[in-house]
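Colleague: Below: sequence and its predicted model.
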Amino acid sequence: MSSSADVVAPSYDGESADALARSLDVPRLLLFSDVSSTMDVAHAAAARGAPAGTLVLADAQSAGRGRAGRRWASRAGGGIWLTLVERPDDASAIEVLSLRLGLAAAAAVEPFADGRVCLKWPNDLYVAAGKLAGLLVEARWRDGRPEWVAIGFGMNVRPPEDVPGAGHLRGGTRRPSVLRALVPALRQAAARRGPLDSAELEAFANRDVAVGRTVSAPLAGRVVGISAAGELRVETAAGRVEAVRHGSLVLADGSSFSGCDAPSPRRVTPA
């Protein structure tokens, strides 16, 4: 694949934009030293016809965002702040895309972490120290079909000074090395079709930081896992297992998901 770079920042951790684009095997890299939001830049580029695989990467963001408009601290040199443009043709796969991407990201970055990387439905990555990363997927549609999706990913590489209890990668980790594992994994996950298969359900169960925990939201009860359609499955006080598609997990005791404490690998029965 031929690659090109639109250079606003001359380099990224000492690697030129052109060299980084080639090593990531992306058709186009938009590299910034500072930007308000890589997500906004990616949407604008996609609207102008940017090809699938276009990567927007910034050393810092001033207005990075997560789900429900939450802000994500994105200081210079402190993490990986990117948005990837993809153009999937399977509308049904978008329903599970954030979970599929989370699985891919966890496996890709785990070699750079001190220990296991876990997942919290629907889009967060955790390590023992706390929240490591978050995903945001935004689709644009035309005539009932996806025209493009923007896949935002923010991850702490170094400990953020202003966010106590946040997770981060192992000391000395170089961001380009992480990107060379992460970006291809995200692209492969985005190309998959259909609902989550049994292997993906089992992989998520083995990283699920919430399974077995009692929550008050998005539905009160005990988390028992996720469905092939990407729904959260919660056992209520009445003993019924109900599926929830949207919302944020809140522990019933008011505590936070303070780390990656998923149990050892186990087998699951798909819903």
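Modeller: Thanks, I have the structure now.
Colleague: The closest residue to Glu95 other than its chain neighbours: neighbour count?
Modeller: With sequence-adjacent residues excluded and distances taken as CB to CB, 6 or more residues apart in numbering, Glu95 is closest to Gly230, at 5.4 Å. Any C-beta I mention is one placed from the backbone N, CA and C, and that applies to glycine too. Neighbour count for Gly230, taken as other CB atoms under 10 Å: 22.
Colleague: Give me the distance between Gly230 and Tyr126.
Modeller: 19 Å (CB to CB, to the nearest Å).
Colleague: Val109 now?
Modeller: Distance from Val109 to Tyr126, by CB to CB: 12 Å.
Colleague: Tell me which helix or strand Ala42 sits in.
Modeller: Ala42 belongs to helix 38-47 when assigned by DSSP states H and E.
Colleague: Output the contacting helices and strands for that helix.
Modeller: If you count contacts as 3 or more CB pairs under 8 Å, 6 or more residues apart in numbering; DSSP states H and E, helix 38-47 packs onto strand 28-32, strand 55-58, strand 79-86, strand 130-142, strand 145-156.
Colleague: Overlap in contacts, Val109 and Tyr126.
Modeller: Common neighbours of Val109 and Tyr126 (criterion: CB atoms under 8 Å, 6 or more residues apart in numbering): Val117, Leu132.
Colleague: And the pLDDT for the residue nearest the centre of the chain?
Modeller: With distances taken as CA atoms, centre = their mean, Leu135 lies nearest the centre of the chain, 3.0 Å away. Leu135 is assigned a predicted lDDT (pLDDT) of 96.
Colleague: The longest helix along the chain to strand 28-32, inter-axis angle?
Modeller: Longest helix of the chain, by residue count under DSSP state H: helix 175-190. Put simply, helix 175-190 runs at 130 degrees to strand 28-32, going by axes from the mean of the first three to the mean of the last three CA atoms, to 10 degrees.
Colleague: Contacts for helix 175-190, please.
Modeller: Against helix 175-190 from outside (CB under 8 Å, 6+ apart): 12-13, 15, 20, 23-26, 53, 55, 57, 80, 82, 84, 86, 88, 97, 100-101, 103-105, 107-109, 111-112, 149, 151, 153, 155, 157, 169.
Colleague: ok, Arg145 to Ala139 distance?
Modeller: As defined by CB to CB, Arg145 lies at a distance of 10 Å from Ala139.
Colleague: okay, those two: which has more neighbours?
Modeller: More crowded of Arg145 and Ala139, by other CB under 10 Å: Ala139, with 16 against 11.
Colleague: pretty sure the more buried one contacts Ile151?
Modeller: No: counting by CB atoms under 8 Å, Ala139 sits too far from Ile151 to count as a contact (9.9 Å).
Colleague: list the residues that contact both of those two?
Modeller: Counting by CB under 8 Å, 6+ apart, nothing touches both Ala139 and Ile151.
Colleague: ok so, going back, mind checking which of the helices and strands packed on helix 38-47 is nearest Glu202?
Modeller: Closest approach to Glu202 among the helices and strands packed on helix 38-47 (CB to CB): strand 130-142, 20.2 Å.
Colleague: which residues touch the closest one?
Modeller: Strand 130-142 has contacts (CB under 8 Å, 6+ apart) with 39, 43, 46-47, 65-67, 72, 94, 97-98, 101-102, 105, 109, 113, 117, 123-126, 146-156, 165-169, 257-259.
Colleague: Just the buried residues of the residues you listed.
Modeller: 39, 43, 46, 65-67, 72, 94, 97-98, 101-102, 105, 109, 113, 117, 123-126, 146, 148-156, 166-169, 257, 259 (16 or more other CB atoms under 10 Å).
Colleague: Look at the residue nearest to Val223 when sequence neighbours are not counted and say how many residues are nearby.
Modeller: Excluding its sequence neighbours, the residue lying closest to Val223 (CB to CB, 6+ apart) is Ala210, at 4.6 Å. Ala210: 24 surrounding residues under other CB under 10 Å.
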